[in-house]
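A.B. asks: Requesting a structural model of the entry that follows:
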Amino acid sequence: MAQLESGDVTFSQGTRMLFYLMTPNETSFSDVDNVPRYVQKATPFFIGLVLLEVFVSWLKTGELLVKVNDGTTSLSAGMISRLPHVFVRSLEVSSYIYVWNNYHILELPWDSTWTWWLAFLGVDFGYYWVHRCCHELNILWAAHQVHHSSEYYNLTTALRQSVTQQCASWVFYLPMALVVPPSVFAVHIQFNLLYQFWIHTEIIRDLGPLEWILNTPSHHRVHHGRNLYCIDRNYGGTLIIWDRLFGTFTPEGDKVVYGLTHPINTFDILSVQFHYYSYLWEQFLKADGIGNKLSIIFKGPSWAPGKPRLGDHAEVPIVTGEEVPHNPDWSLGLQVYVHIQFLLVLGVYNDLFATQNLLSQMTILLITGYILLTLTSLGYIIEQRPNAAVWEALRCLITMAFYRFGYVGPVVSQLALATEVFVSLSALYWGVQCFTQLTGKEKHH
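C.D. replies: So this is what the prediction gives:
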C-alpha cells in the first residue's frame, strides 16, 4: 500500500478528500500515527471553495453571499472546535485506540479494501446515530445547536462546529474498535466530516439519481431548516440511506428558512458555543421533581411535562419564508478591520498546528489563549458592545508583545513591518476610543 508521510497531502488528494473520492490504496496505513491530519490540512481547500462559492453566487445574484459578521462567527467556531487537538489526540480516536488495544476480538487487515469499505459504512452508520441523538437528547443538543445557529446556509456554515460535541460522539464508534484497526477508523472519521463541508451550499440544487444514495446539498438544506417539515430530519453524513431506512428522510419542499427555531441573534463566539448550557441549567433548576429534571437533560429540546419525548413540533414557531436573518448595520471600516484581524489570527492558528511539535506546552497554551481572546474581541466589535474598545485595546497591546517576543508572526514574512505598524495603530485607535468613552461618562455624571 502507498504510504504518505504524516501530514503529507497533495493538491489532488486535498481536493478529492472533500468529496470522499480517495482510494483505499492511497489512504491505508499500518499505524494510526502515520495517518495524515486531513482535516487540518484541508484549511486552504476550505478557503478556496468558499471563495469559489462567493464568486459564483456573485455572478448569479450580484450580491455578496457571505456576511462578514456571520461568516467570521462561523469560521471562529470552527477554529475553536479544533483547538483542543493541539493538546490531545481526538477523543474519538483516543477512546477507539483504548478499546482496540484492550478488547478487540478480531483483527481485520489494515491494508484490505474490504476493511476500508466496511469502515466507510461503519463510520457513516455511527455518525447517523450520533447526529440523531444530538437532536433528540437535550444535553447533546446543547453542543450541536452551535452548528445550526447560523441563519445563512453557505460553506462557512459548515465550519460552525461545536467544541464540546466530541465529548459524547466517541461512544457511538466504539463497537467498530472490536474488529477495525484504529488507523482505518482514523482515516474515515476525518473523511466523513470533510465530505459534509461541500453540501452546505445553495449553489447546487439537484444531483439527480445520486439524491437516492448520497447526502446532498438539497437533503442537508432540509436538515438546517426551521420549517416544520424540516425539524429533526435528514441526519445522514455521507449517505442518505440510513434516513430512508429509519424513517427520518424528507425531501426538499417549501423554501427552507435556516437557523434555530428561536434565533440567538449574537455573534459573540463564547455565547454561540456555550449559551445553551446556561439555559439547560436554568431549566433543570426550575423543573419539579427528579423525573422532570432528568427529562430536561435526556429528552428532546422541545420536551415539557405532559409532552411526548421529543416535544410537540406543532408548537414550533411558524415560518413564512419572509424572515430576515439577524444582520445589524455596522460601518464598512469596522468590517474591513475585523476581516484583516481575522486573517492575521487565522495565520497564527495555522502556524500553531504546523509547529506544535516544536513548541513547549506553555507556549502552546499562551498562543491558544491569544487566539481565543482575539476571536472573542472580534465578536464584541461585531456586536458593537460598549466594552469592545477596552477588550480590543488590550488585545492589540498583547499582540504587540507577542510579535516582539516571537510568539506570533506575520502571515507573510515580507509584510512583517506593515503588520506591526497596523497592530500598533490599532492599539492607538482603540486606546483613544477607551479614553473618549471614559471622558464621556465623566461628563455625563
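A.B. asks: Point out where the stretch 301-445 of the chain drops to low pLDDT.
C.D. replies: 441-445 (pLDDT under 70).
A.B. asks: mind running it again at 50?
C.D. replies: The stretch 301-445 of the chain contains no residues with pLDDT under 50.
A.B. asks: What segments of it are helices?
C.D. replies: Remark: helices assigned in the stretch 301-445 of the chain by DSSP state H, counting those that start in this stretch are 332-355, 361-383, 388-405, 416-444.
A.B. asks: Pull the residues that contact stretch 220-232.
C.D. replies: Contacts to stretch 220-232, defined as Cβ atoms under 8 Å, 6 or more residues apart in numbering, come from residues 135-136, 148, 153, 157, 196, 199-200, 202, 233-235, 248, 250-254, 256-261, 310, 313-314, 316-319. Every C-beta, even on glycine, is put in place using the N, C-alpha and C of the backbone.
A.B. asks: quick one on the thing from earlier: please identify which of the helices of the stretch 301-445 of the chain is closest to residue 300.
C.D. replies: Checking the helices of the stretch 301-445 of the chain against residue 300 by Cβ to Cβ gives helix 361-383 as the closest, at 29.3 Å.
A.B. asks: So which residues make contact with that closest one?
C.D. replies: 68-69, 72-73, 76, 79-80, 83, 86-87, 266-270, 330, 334, 337-338, 341-342, 345, 348-349, 352, 356, 359, 387-388, 391-392, 395, 398-399, 402, 407-408.
A.B. asks: let's see 6 Å
C.D. replies: Contact with helix 361-383 is made by 69, 76, 83, 86, 267-270, 338, 345, 349, 352, 388, 391-392, 395, as judged by Cβ atoms under 6 Å, 6 or more residues apart in numbering.
A.B. asks: re earlier: any chance of JSON lines for the helices of the stretch 301-445 of the chain, columns mean neighbour count and distance to residue 189?
C.D. replies: Shown next, in JSON lines, are the helices of the stretch 301-445 of the chain (neighbours: other Cβ atoms under 10 Å; distance: least, Cβ to Cβ, whole Å):
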{"stretch": "helix 332-355", "mean neighbour count": "16", "distance to residue 189": "18"}
{"stretch": "helix 361-383", "mean neighbour count": "19", "distance to residue 189": "23"}
{"stretch": "helix 388-405", "mean neighbour count": "19", "distance to residue 189": "34"}
{"stretch": "helix 416-444", "mean neighbour count": "14", "distance to residue 189": "36"}
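A.B. asks: so how far is residue 37 from the residue lying closest to residue 87 once chain neighbours are set aside?
C.D. replies: Excluding the flanking residues, the one nearest residue 87 by Cβ to Cβ, 6 or more residues apart in numbering is residue 364, at 7.0 Å. With distances taken as Cβ to Cβ, to the nearest Å, residue 364 is found 16 Å from residue 37.
A.B. asks: Let's have the helices of the stretch 301-445 of the chain in a markdown table, adding distance to residue 216.
C.D. replies: Formatted as a markdown table, the helices of the stretch 301-445 of the chain follow (distance: least, Cβ to Cβ, whole Å):
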| stretch | distance to residue 216 |
| --- | --- |
| helix 332-355 | 29 |
| helix 361-383 | 31 |
| helix 388-405 | 40 |
| helix 416-444 | 42 |
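A.B. asks: between those helices, which gets nearest to residue 208?
C.D. replies: Short answer: helix 332-355, nearest of these by Cβ to Cβ, at 36.5 Å.
A.B. asks: Tell me which residue is most central in this protein.
C.D. replies: residue 161 (2.0 Å; Cα atoms, centre = their mean).
A.B. asks: residues contacting it?
C.D. replies: Contacts of residue 161 by Cβ under 6 Å, 6+ apart are 77, 78, 81.
A.B. asks: surely the last one meets residue 163?
C.D. replies: What it means is residue 81. Yes. Counting by Cβ atoms under 6 Å, residue 81 touches residue 163, with 4.8 Å between them.
A.B. asks: Residue 55 - how many residues pack around it?
C.D. replies: Neighbourhood size, residue 55 [other Cβ atoms under 10 Å]: 11.
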